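Engineer: Need a 3D model of the following:
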Amino acid sequence: MIYRIHGTRGTVRFLGIQASSGRFGSSQPMGVASNLTGDELSIAEDGSFEIIASAEPQPGNWLRLTPETNAIGVRMFFSDWDNEEPGQLYIERVDGPTGARIADTHSVARRLGEVAEFVEGSAKLWTEFTLGRRALMFNTLTAPAGAGDMQGSNAQRYGAGHYALRDDEALLIEFEPPEAVYWNFELGDFFQRSLDFANRPISINDHQAVVDPDGLVRIVVSSGDPGLANWLDTTGIPEGAMTYRWNGATTHPHPRSRVVRLEDLDREVPANSIRVSPTQRAERINARRQAVQRRFQRG
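Structural biologist: Modelled structure (predicted):
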């Protein structure tokens, strides 16, 4: 099979196109056949590009497919939420019959079975994944590592952990910012589903984060606003997941973390750590909400 992927690059910090095999909930092993990033693409002067996805090498932009490949996915990471524009991508098969196939009883039944398998298998996989790692990762973070066996991007290294905090506690996370194309840190619930990213500061990236005068990024995870610039809001959930991504990085710091009492936080950080006022926090959250509305608006 041969596919043509075409469109425009946009201005997102990171664009990735990935050919993968397997799927959550299937007995087939998951893996990554090939990746292309926006920085690797040959792009025309008008910002457009074309990729050929096939088993055999092609001139120009080529995405390698293997016999096991069953999915092509796209990642777009926005760093500057206010100004970056998404890419526009389209895909079509170029070596087969044109037009949509007419569904028959057997194909519909097979696809419904695959949907059921995906839902049941995904629920089991993520439950086992969470429970298996949870006890080893309370209020700590794993070292950055690849995740190709979970269809993670080859351009990234990931780290993860679980926070478990009382209302009067905070998790203080410190690291030197990586030399990277993009990085982010985010919170999820117990099963790693995203929290309310539009109305609460539950994630932060390289553009949004403030670096303290001593060269460290300090992130505070807590249910109440501590006044430090890089606050992540648990939204009142006492236990949840943490994930960070170093994308296109040449350095891979391992974040340090420790639980502190909120009332002691000022003594645990340098006196010149960057702080924000309640008014500044409200302005940041409002800008966040507006950026999400722009990105996900529906015509």
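
Engineer: C-alpha from now on. contacts and neighbour counts both.
Structural biologist: Noted.

Engineer: Could you look up the SS state of residue 130?
Structural biologist: helix (DSSP: H, G, I helix; E, B strand; the rest coil).

Engineer: okay, now it: neighbour count?
Structural biologist: 16 (other Cα atoms under 10 Å).

Engineer: hang on, isn't it packed against residue 191?
Structural biologist: Yes: counting by Cα atoms under 8 Å, residue 130 does reach residue 191; the two are 6.4 Å apart.

Engineer: Who is residue 34 paired with across the strands?
Structural biologist: Beta-bridge pairing for residue 34 (DSSP bridges): residue 19.

Engineer: Contacts only, for it.
Structural biologist: 18-20, 63-65 (Cα atoms under 8 Å, 6 or more residues apart in numbering).

Engineer: Against residue 72, how distant is it?
Structural biologist: From residue 34 over to residue 72 the distance is 10 Å, taken as Cα to Cα, to the nearest Å.

Engineer: if you go through the stretch 1-150 of the chain in chain order, where are the helices?
Structural biologist: 105-134 (DSSP state H, counting those that start in this stretch).

Engineer: where does it dip in pLDDT?
Structural biologist: Scanning the stretch 1-150 of the chain for pLDDT under 70 picks out the ranges 25-26, 98-99, 148-150.

Engineer: which residues in it form strands?
Structural biologist: 3-8, 14-21, 31-37, 48-54, 61-64, 69-77, 88-93 (DSSP state E, counting those that start in this stretch).

Engineer: Reformat the ones you listed as a markdown table; add distance to residue 186.
Structural biologist: Shown next, in a markdown table, are the strands of the stretch 1-150 of the chain (distance: least, Cα to Cα, whole Å):
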| stretch | distance to residue 186 |
| --- | --- |
| strand 3-8 | 28 |
| strand 14-21 | 17 |
| strand 31-37 | 23 |
| strand 48-54 | 32 |
| strand 61-64 | 30 |
| strand 69-77 | 13 |
| strand 88-93 | 26 |
